[in-house]
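Trainee: Okay, predicted coordinates and the sequence, questions at the end:
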Amino acid sequence: MTGQNTKSAILIIYTGGTIGMKDDGKGLVPFDFAGILDEVPELRKFTLRIDSYTFDPLIDSSDVEPSLWVKLAELIKERYDAYDGFVVLHGTDTMAYSASALSFMLDGLGKPVVFTGSQLPVGALRTDGKENLVSAIEVAAARDAEGHPMVPEVSVYFNSQLLRGNRTTKVNATSFDAFLSPNYPPLAEAGINIRYRSEIIRKAPSGDAPLQISTALDTRVAILKIHPGITEQVARNILLGDGIRAVILETYGSGNAISKPWFTDIVREADRRGKILLNVTQCNAGEVDMDLYATGKALKAAGVISGKDITTEAGLGKLFHLMGKYADNEQVKRLLGQDLKGEISK
Ligand code: ASP
């Protein structure tokens, strides 16, 4: 689809999700992108060139697999020079995972990659999809006074807020206010104008270094959510399981788990076997501090690495990426503690 002139060029990448779904009588299923244009004629008012690329098959994002992230990264790399920004239409269920993973897979990103979707299909009367789509395109095309992209990073636009992709989490299944970035402020807020907070937006790399993509992902990660009543058998199966290279421990509060010796022994044994153990809090906001409580200290002493204020979604993407890149677990552990793409606070 093409606008009136060629001032800026934006590529909309349509992967599926509620935004482009319609009811076929059996439930919501994705429909052709041409349908979105009929539903959002406002897009024709943009004085931009807007092209689209439709994934085949279109999917409910519950079916997202890392292969989709690879396809996205390759597509962005292939079309990088031809466009000023990219808008990824994606289901909300796994949008935070995909935006997080992409932030690690795209290196030297100097252009906006804005994920968006909606809670109601774009054709529904009260849809949130129109505003999300139109504003995401505006963000992808926005430039500063010198003509540089305003938001040269992977972000999520939803319900008037632009959030850093790898800080985002889906917190509401029904409200239009579905996403939060609990540990990092919004990069921009949309009212009558879109107000950008340039001071907290990542800077584009200097020079003309080309975009690099890392598509090797190692998915041998398990997530163990600590809960009252967790059995030794369950902890053992996950922490010492075959084919599991890393475990995200979703712990209580500031990084606490069970202080019983049977649990600490299993964690210690997992560390001894070389597994990568990452501590991420179950809380929506705040950070892991393993120096605060005795239970946290025990995990630290057993070899667990602090995820600080990372989300589980970003922790997973970071592990997939680092493990795909490095065979050496010690190197992965070192980099887990470092801020790579704005996913943890310093
Ligand atoms: N199940 C849908 C999906 O994630 C939900 C949505 O798009 O909001 O694809």
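Mentor: Noted; the coordinates are in hand.
Trainee: Let's verify residue 224: helix, strand, or coil?
Mentor: strand (DSSP: H, G, I helix; E, B strand; the rest coil).
Trainee: Spell out which parts of the stretch 51-200 of the chain neighbour the ligand.
Mentor: Proximity of the stretch 51-200 of the chain to the ligand, by CB under 6 Å from any ligand atom, involves residues 60, 61, 62, 91, 92, 93, 117, 119. To be clear about C-beta, it is placed using only N, CA and C from the backbone, and glycine gets the same treatment.
Trainee: CSV please, covering these and showing pLDDT.
Mentor: Converted to CSV, those look like this (pLDDT from 0 to 100):
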residue, pLDDT
60, 90
61, 94
62, 95
91, 95
92, 96
93, 97
117, 95
119, 92
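Trainee: And the residue of the stretch 151-300 of the chain that's closest to the ligand?
Mentor: In the stretch 151-300 of the chain, the residue that lies nearest the ligand is residue 178 (7.6 Å; CB to the nearest ligand atom).
Trainee: Now do that residue, the pLDDT please.
Mentor: pLDDT for residue 178: 94.
Trainee: any idea how far the closest residue to it other than its chain neighbours lies from residue 333?
Mentor: Of all residues not flanking residue 178 in the chain, residue 172 sits nearest, at 4.8 Å (CB to CB, 6 or more residues apart in numbering). Distance, residue 172 to residue 333, using CB to CB, to the nearest Å: 34 Å.
Trainee: So for these two, which residue has more residues nearby?
Mentor: Taking other CB atoms under 10 Å, residue 172 and residue 333 do not tie; residue 333 has more neighbours (18 against 13).
Trainee: hang on, isn't the residue of the stretch 151-300 of the chain closest to the ligand packed against residue 158?
Mentor: Yes - counting by CB atoms under 8 Å, residue 178 does reach residue 158; the two are 6.1 Å apart.
Trainee: Comparing the two, which residue is more hemmed in?
Mentor: residue 158 (27 against 23).
Trainee: Output the strand or helix carrying residue 54 as PDB, restricted to C-alpha atoms.
Mentor: Element membership of residue 54, judged by DSSP states H and E, is strand 49-59. Output of strand 49-59 as PDB, limited to C-alpha atoms (Å, rounded to 0.1, in the frame of the first residue of the first chain):
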ATOM      1  CA  ARG A  49       5.200   5.300   1.700                       C
ATOM      2  CA  ILE A  50       3.700   2.400   3.600                       C
ATOM      3  CA  ASP A  51       4.400  -1.100   2.300                       C
ATOM      4  CA  SER A  52       3.400  -4.400   3.900                       C
ATOM      5  CA  TYR A  53       4.700  -7.900   4.200                       C
ATOM      6  CA  THR A  54       2.400 -10.600   5.300                       C
ATOM      7  CA  PHE A  55       3.600 -13.700   7.000                       C
ATOM      8  CA  ASP A  56       2.400 -17.100   5.700                       C
ATOM      9  CA  PRO A  57       0.800 -18.600   7.600                       C
ATOM     10  CA  LEU A  58      -0.600 -15.800   9.800                       C
ATOM     11  CA  ILE A  59      -0.800 -17.000  13.300                       C
END
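Trainee: okay, and the common contacts of residue 178 and residue 158?
Mentor: Here residue 178 and residue 158 share the contacting residues residue 92, scored by CB atoms under 8 Å, 6 or more residues apart in numbering.
Trainee: hey, what's residue 13 bridged with?
Mentor: Taking DSSP bridges as the rule, residue 13 bridges to residue 53, residue 88.
Trainee: ah, wrong one, I meant residue 163
Mentor: residue 156.
Trainee: check contacts around whichever residue of the stretch 101-250 of the chain sits closest to the ligand.
Mentor: Of the residues in the stretch 101-250 of the chain, the one nearest the ligand is residue 117, at a distance of 4.9 Å by CB to the nearest ligand atom. Residue 117 sits next to 17, 18, 19, 61, 89, 90, 91, 92, 95, 129, 132, 158 when contact means CB under 8 Å, 6+ apart.
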